[in-house]
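Q: I would like the atomic coordinates for the input below:
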Amino acid sequence: MAAPSSADVELRGVTKRFGAVTAVDSLDLRVLSGEFLSLLGPSGCGKTTTLRLIAGFEHPDEGTLLIGGRDVAGLPPYKRDVNTVFQSYALFPHLSVADNVAYGLRQRGLGRRERRRRAVEMLQLVRLSGVEERKPRELSGGQQQRVALARALIMSPRVLLLDEPLGALDLKLRKELQVFLKTLHADLGITFVYVTHDQEEALAMSDRVAVMNAGVIEQLASPHEIYDNPGSRFVADFIGETNFIRINGSVVAVRPEQVELSRGQDGVAATVVTTMVIGPAIQCLVKTDDGQEVLVRRQRSRNGAAESLSEGDRVSLTWAEGAALVLEPQKEDMPNE
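A: Here you go, the predicted model:
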């Protein structure tokens with residue numbers, strides 16, 4: 001990754017409204033040269049609007065947007081040094097795969113032989129050699145998505161924008177293409193800006209993740225930092241599974257895998273409600289003596305110790321110092337009267 005001072009995309013105080021709705025609210029964001037940055041958040045958080053602003057499909061009501069240090073306000077998509085891959089592959093059904101990939105070069109006026117040469121090279125890059133003459137309908141969904149990637153990359157953009165490109169694929173294929181995209185990014189070294197609502201996808205592939213909520217960035221950090229040290233209650237709740245436990249007049253956020261169960265007396269007293277085997281892990285739902293439900297996840301052991309707990313067993317909950325994020329109590333944290 002390039003030095004922090006080098007940014008391929010920069011948004012300064014960018015705001016976008018649709019009528020009375022503010023989709024992006026005075027957003028500041030620097031996308032570093034060569035990094036894989038994901039915009040992550042629930043539906044309506046502003047992530048897709050942010051991508052469309054960078055692409056040029058929307059224009060900001062306020063603020064400045066730079067690509068490669070150049071103010072692109074008002075410029076249409078084809079005059080920006082970016083290209084976009086969508087969830088819908090948007091391939092031309094009547095054209096061959098090679099002609100789909102080379103379509104942008106044709107618009108630029110390159111000769112047929114040069115277009116063909118570069119299309120073949122790009123298909124090799126995305127591991128699709130030998131399908132040049134097929135029509136898109138003759139390919140699987142994953143293959144069509146790689147054709148769409150090749151079509152975007154053949155234009156040599158400074159920044160590749162990806163709008164939930166794996167959302168239409170089944171789980172197994174989606175995971176395979178996550179690895180493919182991560183490897184492709186490392187090989188190419190160009191800047192990727194990736195939009196997704198899938199937290200696992202964002203954490204697995206990204207150099208940094210911007211977690212968005214209500215048009216603003218709640219936290220921008222590495223996947224490790226986002227998961228282990230969430231910067232707000234929203235991030236703690238949205239990323240992974242989190243227990244919010246009332247204790248000593250405050251609320252702590254603790255991941256299920258950071259909670260320890262024991263039969264001792266120290267810690268928060270609780271009763272096992274149920275246990276479930278989830279592959280290599282045991283997941284326990286326990287209820288504290290003041291009625292709070294807490295999820296605990298532990299790796300299964302060879303001696304079966306993790307499986308020995310059963311409904312009704314009395315246990316104590318503890319966690320390591322620093323494992324819990326202390327939060328201000330909110331209305332929903334207060335016990336029912």
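Q: I'd assumed residue 203 was in a helix, is it?
A: Yes - assessed with DSSP: H, G, I helix; E, B strand; the rest coil, residue 203 lies in a helix.
Q: Quick check: pLDDT value at it.
A: pLDDT for residue 203: 94.
Q: Equivalent analysis for residue 5, please.
A: Note for residue 5: predicted pLDDT of 56.
Q: Quick one: distance of the host helix or strand of residue 116 to the chain centre.
A: Using DSSP states H and E, residue 116 maps to helix 112-125. A distance of 31 Å separates the centroid of the chain from that of helix 112-125, by C-alpha atoms, centre = their mean, to the nearest Å.
Q: again with stretch 132-148
A: On the basis of C-alpha atoms, centre = their mean, stretch 132-148 sits 25 Å off its chain's mean C-alpha point.
Q: Quick one: end-to-end distance for it.
A: With C-alpha to C-alpha, to the nearest Å as the measure, stretch 132-148 spans 13 Å from end to end.
Q: Report the buried residues of it.
A: Buried residues in stretch 132-148, defined by neighbour count with 16 or more other C-beta atoms under 10 Å: 132, 135, 136, 139, 142, 143, 144, 145, 146, 147, 148. (Each C-beta comes from the backbone N, C-alpha and C, glycine too.)
Q: ok, residues contacting it?
A: 85-86, 89-98, 100-101, 119-120, 123, 126-128, 131, 165-166, 168-169, 173, 176-177, 180 (C-beta atoms under 8 Å, 6 or more residues apart in numbering).
Q: hmm, try it at 7 Å
A: Under the criterion C-beta atoms under 7 Å, 6 or more residues apart in numbering, residues 85, 89-91, 93, 96-98, 100-101, 120, 123, 126, 128, 131, 165, 168-169, 173, 177 lie in contact with stretch 132-148.
Q: what's the answer for stretch 203-210, then?
A: 1, 29, 35-40, 178, 181-182, 194, 202, 217, 220-223, 226-227.
Q: what's the first-to-last distance across it?
A: Terminal residues of stretch 203-210 are spaced 10 Å apart (C-alpha to C-alpha).
Q: Next: stretch 251-259.
A: End-to-end distance for stretch 251-259, by C-alpha to C-alpha: 15 Å.
Q: and that stretch, how far out from the chain's middle?
A: 22 Å.
Q: Can you tell me which helices and strands the helix holding residue 116 packs against?
A: Of the remaining helices and strands, those touching helix 112-125 by 3 or more C-beta pairs under 7 Å, 6 or more residues apart in numbering; DSSP states H and E are helix 97-101, helix 103-107, helix 141-153.
Q: picking up where we left off before, just the contacts of stretch 203-210: which are in strands?
A: Counted as lying in strands by DSSP state E, out of the contacts of stretch 203-210, are 29, 36, 37, 38, 39, 40, 194, 217, 220, 221.
Q: Max pairwise distance over the residues you listed: which two?
A: Farthest apart among the ones in strands among the contacts of stretch 203-210 by C-beta to C-beta are 36 and 217. That separation is 16.7 Å.
Q: follow-up on the earlier one: give me the buried entries from the ones in strands among the contacts of stretch 203-210.
A: The neighbour-count test (16+ other C-beta under 10 Å) applied to the ones in strands among the contacts of stretch 203-210 identifies 29, 36, 37, 38, 39, 40, 194, 217, 220, 221 as buried.
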